[in-house]
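K.L.:
fold the following for me, if possible:
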Amino acid sequence: MTAIPLVIIGPTASGKSSLALAIAEQVGAEIVSADAMAVYRGMDIGTAKPTASERERVRHHLVDVAEPADDYTVSLFKEQVDTALVDIASRSRSAVLVGGTGLYVRAIVDDLTMPGQFPDVAAELERNLDTEALWRQLDELDPVASAKMERTNRRRIVRALEVCIGSGQPFSSFGPGLETYPSVPFVQVGLDIDRETMDHRINDRYDAQVAAGFLDEAREVKAGPIGRTASQALGYRELMAHLDGELELDDALEEAKARTRRFARRQQRWFRRDPRITWFCHDHDELVSLVVDHWKSVGSEAKELRDSAS
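P.N.:
Got it, this is the predicted structure:
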């Protein structure tokens, strides 16, 4: 099998993990997770993390590498994935990257330079509870960045302001590569799924997760130290609000489903901008064979690109 990594992307609940597992088993590859929340130990059900059985069948990387209290960063993720890819290649194995966290995927595929951390600045910003005011501040300092963020996305707004203030440079200046799509030594495929089907799958998955003990898991995570990133995880935030008495359980679940559906639409818009991704129907009967054949045929060209750049 080609040593060029395969990248499988798509919105949440599109079947990425199942496809990655099937392909990895067929070709003897290892899986590298590109999910921003699968890194956290103890957050298993709500992140739809690979099960212990699946991880026994195929070796997974970047799963359970941080505690919920950790403020896990894109920079650290990139560093750890780069190490994992070198390790996998050193054992003459192929890698399958899978995930729906767009910036995490681009950081690896395009070898992005990530801005540094400025914890004192971040702590000061966090003391301001007015997210709208923070967005207006960002809009003054970096209108390019603010135009790409929802005014309610506090985590991203605080991070962008942290970089603007801490580095003295616009947050948007660190990501010019996000607007360009050069050739890269990766084969990227995406799972195409219509919105109605995606919405049904998201709703059904939440129902199954709750039946599997998601509420108890959220209670356990909440009982320990938890950082700002993990606390905003889809589903966990809403269930923790229920545990705090702020929402009825049914209302919390409906809010979680709605937020996840909105997130999935943003994922689709993000990935659709990248012309290097080849799209496949998520429920095609021969999906595994189609993607493996594509990986083989395109991989040789990508390998030449990688070798010429090294």
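
K.L.:
the stretch 51-200 of the chain: strands as residue ranges?
P.N.:
Assigned strands in the stretch 51-200 of the chain, in chain order: 60-61, 95-98, 187-192 (criterion: DSSP state E, counting those that start in this stretch).

K.L.:
who's in contact with the shortest one?
P.N.:
Residues external to strand 60-61 that are found in contact with it (C-beta atoms under 8 Å, 6 or more residues apart in numbering): Glu30, Ile31, Val32, Ser33, Pro50, Glu54, Gln80, Val81, Ala84, Ile88. Heads up, the C-betas are built off the backbone N, CA and C, glycines and all.

K.L.:
mind checking the pLDDT average for the strand or helix carrying the second one?
P.N.:
Element membership of Ile31 [criterion: DSSP states H and E] is strand 30-33. What strand 30-33 shows for mean pLDDT is 98.

K.L.:
which strands or helices does it pack on?
P.N.:
Other elements packing on strand 30-33 under the criterion 3 or more C-beta pairs under 8 Å, 6 or more residues apart in numbering; DSSP states H and E are helix 16-27, strand 60-61, helix 74-90, strand 95-98.

K.L.:
in TSV: the ones you listed, plus mean pLDDT and distance to Arg155.
P.N.:
Listed next are those as TSV, based on pLDDT from 0 to 100; distance: least, C-beta to C-beta, whole Å:
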stretch	mean pLDDT	distance to Arg155
helix 16-27	96	23
strand 60-61	98	25
helix 74-90	94	12
strand 95-98	98	23
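
K.L.:
Ala230: which of the ones you listed is closest?
P.N.:
Of all the helices and strands packed on strand 30-33, the one in closest proximity to Ala230, counting by C-beta to C-beta, is helix 74-90 (13.9 Å).

K.L.:
pick the most deeply packed of the strands of the stretch 51-200 of the chain.
P.N.:
Relative to the other members of the strands of the stretch 51-200 of the chain, strand 95-98 carries the highest mean neighbour count by mean count of other C-beta atoms under 10 Å, namely a mean of 24.

K.L.:
returning to what we had before: direction included, what does the strand holding Ile31 pair against?
P.N.:
Strand pairing for strand 30-33, determined by DSSP bridges: strand 60-61 (parallel), strand 95-98 (parallel).

K.L.:
closest to Ala147 out of the ones you listed?
P.N.:
With respect to Ala147, and counting by C-beta to C-beta, the nearest of the strands paired with strand 30-33 is strand 95-98 at 29.0 Å.

K.L.:
what comes into contact with that closest one?
P.N.:
Contacts made with strand 95-98 from outside it, assessed by C-beta under 8 Å, 6+ apart, are listed as 5-9, 16-17, 19-20, 23-24, 29-35, 81, 84-85, 88-89, 105, 108, 186.

K.L.:
now do stretch 287-297
P.N.:
Applying C-beta under 8 Å, 6+ apart, the set of residues contacting stretch 287-297 from outside is 1-2, 4, 6, 8, 19, 22-23, 26-27, 187, 189, 278, 280-281, 284.

K.L.:
closest one to Ala122 out of these, please.
P.N.:
Ile8 (32.5 Å).

K.L.:
what sits against the closest one?
P.N.:
When contacts are counted by C-beta under 8 Å, 6+ apart, Ile8 touches Lys16, Leu19, Ala20, Ile23, Val96, Leu97, Val98, Val189, Gly190, Leu191, Val291.

K.L.:
ranking the contacts of strand 60-61 by neighbours, who comes first?
P.N.:
Top of these by neighbour number is Ile31, holding 29 neighbours under the definition other C-beta atoms under 10 Å.

K.L.:
wait, isn't that residue in contact with Ser18?
P.N.:
No: look at Ile31 against Ser18 with C-beta atoms under 8 Å: they stay out of range, at 11.5 Å.

K.L.:
got JSON lines for the helices and strands packed on strand 30-33, with distance to Val221 too?
P.N.:
Written out in JSON lines, the entries for the helices and strands packed on strand 30-33 read as follows (distance: least, C-beta to C-beta, whole Å):
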{"stretch": "helix 16-27", "distance to Val221": "21"}
{"stretch": "strand 60-61", "distance to Val221": "21"}
{"stretch": "helix 74-90", "distance to Val221": "20"}
{"stretch": "strand 95-98", "distance to Val221": "23"}
